[in-house]
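> I'd like to go over a predicted model; first the sequence, then the structure.
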Amino acid sequence: MGLWVGAAYLSACVSMIPPSRLVEYMGQQAVTEPLAATTLPQTPIRAGLVLVSDTTTSDAAPALPDEALNRLAESLQQQINEFLPFKIETIIPAEGIRPGGEISQFRELGKKHGLDYLAVVVVSSTEQEYPLTVFLGWHSHSQPGLRRDNWSLIEVALVGVKSGRSLLCAEGRGWATLDRPMAPGINQWYPVIWRRLQDPNWRWWLPTYAGAPNTLRVIAMHEAAKRLVLNLQDAWIQKRQAELTPVRG
């Protein structure tokens with residue numbers, strides 16, 4: 001019953017959990033402007049990347065450790081440089097960046113580091129844990145257990161430092177679950193992390209529960225990163241098409 005309820009809850013809410021946080025850092029207008037409101041430059045874009053980890057909502061999951069956030073930023077830099085027609089030249093710290101601010105705070109940060117463009121990345125996640133029945137040997141014996149769901153969100157905006165405007169926005173979402181029995185000492189099958197919707201047969205076993213929640217968050221966040229890159233590619237193409245439409249008309 002717990003599995004069915006969890007699946008139904010996910011199906012209904014996956015597009016809303018967690019809610020967008022980018023708007024809290026850049027302002028509403030910066031993330032909702034029409035595609036044709038700004039234009040991408042024809043010259044090569046070389047940008048810095050700043051990653052903001054948001055944990056300000058009441059139901060936010062704990063932030064990833066700094067080492068994991070640094071690896072995520074490096075992974076995004078590599079993927080963007082490989083699959084997008086602009087380059088991330090450097091990763092800079094999110095000095096003084098706060099929610100409730102406007103896009104101007106990123107403009108000032110870009111100027112401080114001598115950059116013309118800034119890829120602003122905001123990462124956030126939400127978790128819930130609930131009881132369910134887990135099985136030993138997958139089906140031969142059942143035990144009371146717990147499932148922890150993590151929904152992760154990565155949002156990006158390409159900011160023109162000189163113009164102080166957002167040129168492009170995209171997001172990627174990821175989901176993973178962590179199952180464990182309530183009884184101690186059952187470590188042959190648990191704890192285990194699943195990517196059920198994306199890859200139902202994929203699973204990751206952990207030696208102990210101690211670091212399992214952080215591993216869950218890392219896996220869900222990297223799933224979000226994969227989708228972000230694909231959606232960013234689509235956003236770039238749509239942006240270029242929107243810019244060309246008046247010319248063709």
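Here it is on my side, so go on. Numbers count the residues shown, from 1 in each chain.
> Show me how far the longest helix belonging to the chain is from its chain's centre.
Assignment by DSSP state H gives helix 212-248 as the longest helix of the chain. Relative to its chain's centre, helix 212-248 lies at 10 Å (CA atoms, centre = their mean, to the nearest Å).
> What residues sit buried inside it?
Buried positions in helix 212-248, judged by neighbour count with 16 or more other CB atoms under 10 Å: 212-213, 215-225, 227-229, 231-232, 235-236, 239. All C-beta atoms are positioned from the backbone trio N, CA, C, and that covers glycine.
> In three-state terms, label the most centrally placed residue in the chain for me.
Nearest to the geometric centre of the chain sits Ile154, at 2.2 Å (CA atoms, centre = their mean). Under DSSP: H, G, I helix; E, B strand; the rest coil, Ile154 falls in the strand class.
> Also the one 3 residues further on?
The three-state assignment at Ala157 reads strand, by three-state DSSP.
> Run through the residues that contact it.
Ala157 makes contact with Leu22, Met26, Ala30, Val31, Ala119, Val120, Ser166, Leu167, Leu168, Cys169, according to CB atoms under 8 Å, 6 or more residues apart in numbering.
> In the chain, what residue spans correspond to strands?
Per DSSP state E, the chain carries strands over the ranges 46-53, 87-92, 117-136, 141-160, 165-181, 192-195, 199-205.
> I'd like these as JSON lines, with distance to Arg98 appended.
What follows is the strands of the chain, written out as JSON lines (distance: least, CB to CB, whole Å):
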{"stretch": "strand 46-53", "distance to Arg98": "9"}
{"stretch": "strand 87-92", "distance to Arg98": "16"}
{"stretch": "strand 117-136", "distance to Arg98": "12"}
{"stretch": "strand 141-160", "distance to Arg98": "16"}
{"stretch": "strand 165-181", "distance to Arg98": "18"}
{"stretch": "strand 192-195", "distance to Arg98": "33"}
{"stretch": "strand 199-205", "distance to Arg98": "35"}
